[in-house]
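Trainee: Predicted model and sequence follow; I will ask about them next.
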Amino acid sequence: MSVYTHVTVGTNNLAAAREFYDAVLGKLGLNRLKDLGDNGSIWGEDKLSFFVLKPANGQAASVGNGVTVCFEAPTRAAIDAFHAAALSLGAKDEGLPGPRGWAENAYAAYARDLDGNKLAAYCFQPA
């Protein structure tokens, strides 16, 4: 059983978010599966799992302090590619690719998307 049905982050520039997430999540094997017109898009592997939407209340999208959306990566190389793609598209570095000491074989990278949402990718495969 999965713990979550999906995760949603907001955007203030849907066209830029689509370009960003197509490239960045593509490095992790995720694809854009559905567009919701001018309201947003959804990415996933085989199910709709990561939503990027304009806020339903019509207000500007904002970032949750302390919130991080973390994606599972198939390999350490995929994490390196995820991070490089994010930075090349204007994301802010929040943690270079490398080992993380809190779990055995944890390897991760962090970045903030174009709207400031904090993202991470993790792999737990041995080097």
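Mentor: That came in fine, so what should we check first?

Trainee: mind listing the helices for the protein?
Mentor: For the chain, the helices defined by DSSP state H occupy 14-26, 76-88.

Trainee: tell me what the last one is packed against?
Mentor: Right, helix 76-88. helix 14-26, strand 92-99, strand 107-112, strand 118-123 (3 or more CB pairs under 8 Å, 6 or more residues apart in numbering; DSSP states H and E). The C-beta positions use only the backbone N, C-alpha and C, and glycine is treated the same way.

Trainee: So which of these is nearest H83?
Mentor: In terms of CB to CB, the element of those nearest to H83 is strand 107-112, at 3.7 Å.

Trainee: ok, residues contacting the closest one?
Mentor: 63, 68, 70, 76, 79-80, 82-83, 86-87, 91-100, 118-125, 127 (CB atoms under 8 Å, 6 or more residues apart in numbering).

Trainee: For stretch 60-79, give the mean pLDDT please.
Mentor: Taken as a whole, stretch 60-79 has a mean pLDDT of 96.

Trainee: ok, now stretch 100-116?
Mentor: Stretch 100-116 comes out at a mean pLDDT of 97.

Trainee: when you give positions from now on, start the count at 19
Mentor: Will do, 19 is the new start, and the previous item becomes stretch 118-134.

Trainee: How far does that stretch stretch from one end to the other?
Mentor: End-to-end distance of stretch 118-134 (CA to CA, to the nearest Å): 22 Å.
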